[in-house]
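Trainee: Mind looking at a prediction? Sequence and model below.
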Amino acid sequence: MSLYVLDSSVAVKWALPEIGAAKALAFRDDVRNKIHEIIAPDVFPSEVAHALAKAERMKVIPIGDAKKHLLAILTAGPDLHPYIPLLTRAVDISSATRIAITDCIFVALAEREGCELLTADDKLMKNLPGYPIVSLSSL
């Protein structure tokens with residue numbers, strides 16, 4: 001079984017009709033079938049909730065669906081790890097790369113756990129070469 005840090009950009013594709021959603025859903029099925037194990041920092045639920053609420057505001061999903069999708073994602077989603085112990089490493093990564101702290105918390109967890117961060121965020125991939133990050137599209 002392979003271990004991944006799950007980026008919220010992948011998890012929201014479980015609910016939203018976005019490019020890459022089919023691949024994200026296939027990955028989720030692999031997690032359910034114990035092919036992969038997923039973890040995330042405990043800021044993950046907030047990031048997912050933010051993306052789903054934004055999708056409601058943009059009329060991508062009906063008002064009221066964000067909560068339903070959030071609960072489904074959290075049920076199928078990763079084991080959560082406290083982010084505070086990751087924060088100093090995340091600051092180091094952010095200072096060196098000029099990337100947002102929240103993204104760097106996910107990277108710091110992947111480093112600590114010796115696995116890769118699975119993301120659908122191509123910008124993150126491009127801006128953090130040499131860090132343990134893999135694109136959803138490459139699976």
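Mentor: That came through fine.
Trainee: Just say helix, strand or coil for the nearest residue to Asp79 once chain neighbours are set aside.
Mentor: Nearest residue to Asp79, sequence neighbours excluded (C-beta to C-beta, 6 or more residues apart in numbering): Ile39, at 4.9 Å. Every C-beta, even on glycine, is put in place using the N, C-alpha and C of the backbone. Secondary structure, DSSP: H, G, I helix; E, B strand; the rest coil: Ile39 is strand.
Trainee: Work out for me the element Lys68 sits within.
Mentor: Taking DSSP states H and E as the criterion, Lys68 maps to helix 65-76.
Trainee: that's a helix at Leu124, yeah?
Mentor: Yes. Assessed with three-state DSSP, Leu124 lies in a helix.
Trainee: got a list of what it touches?
Mentor: Contacts here follow C-beta atoms under 8 Å, 6 or more residues apart in numbering; on that basis Leu124 touches 7, 9, 99, 103, 133.
Trainee: again, only using 7 Å
Mentor: 103, 133 (C-beta atoms under 7 Å, 6 or more residues apart in numbering).
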